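Visitor: My questions concern the predicted model and sequence given below.
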Amino acid sequence: MNRFEDNPELPQDPAHSPDPSSNAGSPATESSAEPLAVSPLHPDMSQLTDPPLVVGRVYPEDLQTSWSWPHLILFLLYSFVSLIFIQGTLVVFYAPKQKGMTSKQLEQYLISKPQFAIGSMLLWYAAIFFFLYVTLSILRGKPFWRSLGWRKIKPFSEGTLPRNPLVYVFTGCGLSLFVAILSSRLKTPENLPVEELFKYRQTALLFMAMAVFVAPLVEETLFRGYLYPLFARSFGVTPAIFVTGILFGLMHGYQLGWTWTLVTVLIVVGIIFTLVRARTGSVFASYLMHLGYNSLIAIAALLGTHGFTQMPKH
């Protein structure tokens, strides 16, 4: 007797029990003798429920993105068009009245104007952030900075790198010093495009300010916050670290006159930044390294040129 049954079965009266021999040939008796496939009191629940859903790969929190490759293609198209539009508009405003200037002379003239040389980059950065904010935050209802990897650094106890922000700042400074020593031993051409900016003191000062206060924020958000998670989900973490670092180095190729020794050095720097981002799960860590890296460069440039008043000779 089951203690969960409300009406336990009573023993049958022998006088009223059916004679087994009287229904021996009855079809109903034969069919009732067969065991039921499913008990009416305990049905097979697997036949009453939907088949289990196949769950896709679960990514860690720092690789969970709301964008995909079509969004990247649209982003690249928007970035290119917006850069052409911004620079074209500023050229109309700041182009010299003098006619007959060569393209080289026009370039030198525009570089001497910080409103164009620095202003065009700041406006372009603002346009890029506006696109990302609208498409990733407003239209999708996601927190902007956290979606792009800006979160607290994971504790060291979880097998990652230290949490202390100063560690990353000073590590970036050390990396910058190492790159400076290495670059001094490399044979590089004279008059790199980035050095043309330093011929004009006001432009050079604003460029260094942008390199410290703006560039690390923008570049880390784009490369380590936007591109790296997409690459990691598509190719894996290790290939994504290298791809992101390569793109980071190539982005600075024009400034370095496509001197491949210097571009390769910056590719390695980009790989290191991305590796830190991957190990800590936070763009904040790679940003602090980038900040320390650029800060030491700016300080060395200011001291070495006496505030861009005495340019060193090659």
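Guide: On my side now, so go ahead. As the structure is a prediction and not an experimental result, all values here were calculated from the model.

Visitor: Longest helix in the protein, by number of residues?
Guide: Using DSSP state H to define each element, the chain has its longest helix at helix 69-94.

Visitor: Show me what it is packed up against.
Guide: Contacts defined by 3 or more CB pairs under 8 Å, 6 or more residues apart in numbering; DSSP states H and E place helix 69-94 against helix 114-117, helix 119-132, helix 228-235. Where you see a C-beta, it was placed from the backbone N, CA and C, and this is true even at glycine.

Visitor: The same query, at a cut-off of 10 Å, please.
Guide: Counting contacts by 3 or more CB pairs under 10 Å, 6 or more residues apart in numbering; DSSP states H and E, helix 69-94 is packed against helix 103-111, helix 114-117, helix 119-132, helix 228-235.

Visitor: For the stretch 201-314 of the chain, just list every one of the helices.
Guide: 201-213, 215-219, 228-235, 237-251, 260-280, 283-304 (DSSP state H, counting those that start in this stretch).

Visitor: Which one of the ones you listed lies nearest to Leu74?
Guide: Leu74 lies closest to helix 228-235 among the helices of the stretch 201-314 of the chain, at 13.0 Å (CB to CB).

Visitor: Low-confidence stretches in the stretch 51-200 of the chain?
Guide: Low-confidence segments of the stretch 51-200 of the chain, defined by pLDDT under 70: 51-56, 155-160.

Visitor: If we use 80, what do you get?
Guide: Counting by pLDDT under 80, the low-confidence segments of the stretch 51-200 of the chain come to 51-58, 97-100, 154-162, 190.

Visitor: what sits against the nearest residue to Gly281 once chain neighbours are set aside?
Guide: The shortest distance from Gly281 to any non-neighbouring residue, by CB to CB, 6 or more residues apart in numbering, is to Asp62 (3.9 Å). By CB atoms under 10 Å, 6 or more residues apart in numbering, the residues touching Asp62 are 146, 149, 151, 154, 225, 228-229, 232, 277-278, 280-283.

Visitor: Now flag whichever of those residues is closest to Ala180.
Guide: Arg277 (23.0 Å).

Visitor: thought Pro239 was touching Thr274?
Guide: No - assessed by CB atoms under 10 Å, Pro239 is found out of contact with Thr274, at 11.0 Å.

Visitor: Contacts only, for the closest residue to Val265 other than its chain neighbours.
Guide: Excluding the flanking residues, the one nearest Val265 by CB to CB, 6+ apart is Val179, at 5.9 Å. Applying CB under 10 Å, 6+ apart to Val179 gives the contacts 262, 265-266, 268-269, 293, 296-297.

Visitor: Would you mind pointing out the helix or strand Val179 falls in?
Guide: helix 165-184 (DSSP states H and E).

Visitor: quick one, that helix and helix 260-280 angle?
Guide: Computed with axes from the mean of the first three to the mean of the last three CA atoms, to 10 degrees, the direction of helix 165-184 lies at 160 degrees from that of helix 260-280.

Visitor: Just the CA trace of helix 165-184, in PDB.
Guide: The C-alpha trace of helix 165-184 is given here as PDB (Å, rounded to 0.1, in the frame of the first residue of the first chain):
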ATOM      1  CA  PRO A 165      45.700  51.000 -11.600                       C
ATOM      2  CA  LEU A 166      49.200  52.400 -11.000                       C
ATOM      3  CA  VAL A 167      50.700  49.100 -12.000                       C
ATOM      4  CA  TYR A 168      49.400  49.500 -15.600                       C
ATOM      5  CA  VAL A 169      50.400  53.200 -15.800                       C
ATOM      6  CA  PHE A 170      54.000  52.500 -14.800                       C
ATOM      7  CA  THR A 171      54.100  49.400 -17.000                       C
ATOM      8  CA  GLY A 172      53.100  51.600 -19.900                       C
ATOM      9  CA  CYS A 173      55.800  54.000 -19.100                       C
ATOM     10  CA  GLY A 174      58.300  51.200 -19.000                       C
ATOM     11  CA  LEU A 175      57.100  49.900 -22.300                       C
ATOM     12  CA  SER A 176      57.500  53.400 -23.800                       C
ATOM     13  CA  LEU A 177      61.000  53.700 -22.500                       C
ATOM     14  CA  PHE A 178      61.900  50.300 -24.000                       C
ATOM     15  CA  VAL A 179      60.400  51.300 -27.400                       C
ATOM     16  CA  ALA A 180      62.300  54.600 -27.300                       C
ATOM     17  CA  ILE A 181      65.600  52.800 -26.700                       C
ATOM     18  CA  LEU A 182      64.800  50.300 -29.400                       C
ATOM     19  CA  SER A 183      63.800  52.900 -31.900                       C
ATOM     20  CA  SER A 184      67.000  54.900 -31.400                       C
END
